[in-house]
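A.B. asks: whatever this is, show me its structure:
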Amino acid sequence: MKELTMENKKPATIDTYIAAFPVEVQAILESLRAAIRAAAPDAVEAISYQMPTFKLKGKNLAHFAAYKHHIGFYPTPAPIEHFAEELTPYKTSKGAVQFPLDQPLPFELIKRIVASHAKTILQS
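C.D. replies: This is a model prediction of the structure:
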């Protein structure tokens with residue numbers, strides 16, 4: 001499924017990525033960005049795979065992207081397995097979670113997932 005308005009454009013920054021969406025989606029993306037930043041304040045923002053990405057110690061901590069009906073959250077497979085029970089209300093795959101756009105995002109859960117993954121990266 002294609003992203004809402006990014007089409008095949010390659011954003012240079014997370015700000016550029018977010019600005020390409022409707023205002024209501026921008027607000028969700030900014031809140032998600034803030035949740036990730038709160039959980040991993042030392043993470044570095046980047047664009048990877050044409051998606052907003054947070055990296056820690058050079059490793060991917062989490063990616064996210066907006067689509068027509070959901071926000072994709074990509075914290076890698078291990079955190080999804082670790083939080084599988086809490087993620088049961090959402091569509092998941094090995095490395096992704098889909099949060100429907102018509103429902104509030106579970107920001108506290110997202111923060112715990114990111115913090116847990118950051119701890120793993122910092123200990124490696």
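
A.B. asks: in what helix or strand does the residue nearest the centre of the chain lie?
C.D. replies: By CA atoms, centre = their mean, the chain has its centre lying nearest to residue 64, at 3.0 Å. Assigned by DSSP states H and E, residue 64 belongs to strand 59-66.

A.B. asks: pull out the buried positions in that strand.
C.D. replies: Residues 60-66 are the ones in strand 59-66 that count as buried (16 or more other CB atoms under 10 Å). For the C-beta atoms, the positions are set from N, CA and C on the backbone; glycine is no exception.

A.B. asks: which stretches of this structure form strands?
C.D. replies: Assigned by DSSP state E, the strands in the chain fall at 44-48, 51-56, 59-66, 70-74, 91-92, 97-100.

A.B. asks: name the helices or strands packed onto the first one?
C.D. replies: So that's strand 44-48. Judged by 3 or more CB pairs under 8 Å, 6 or more residues apart in numbering; DSSP states H and E, strand 44-48 is in contact with helix 14-19, strand 51-56.

A.B. asks: now the last one
C.D. replies: Based on contacts counted as 3+ CB pairs under 8 Å, 6+ apart, the elements that strand 97-100 packs against are strand 70-74, strand 91-92.

A.B. asks: and the pLDDT at residue 59?
C.D. replies: Note on residue 59: pLDDT of 96.

A.B. asks: now residue 95
C.D. replies: Looking at residue 95, its pLDDT reads 93.
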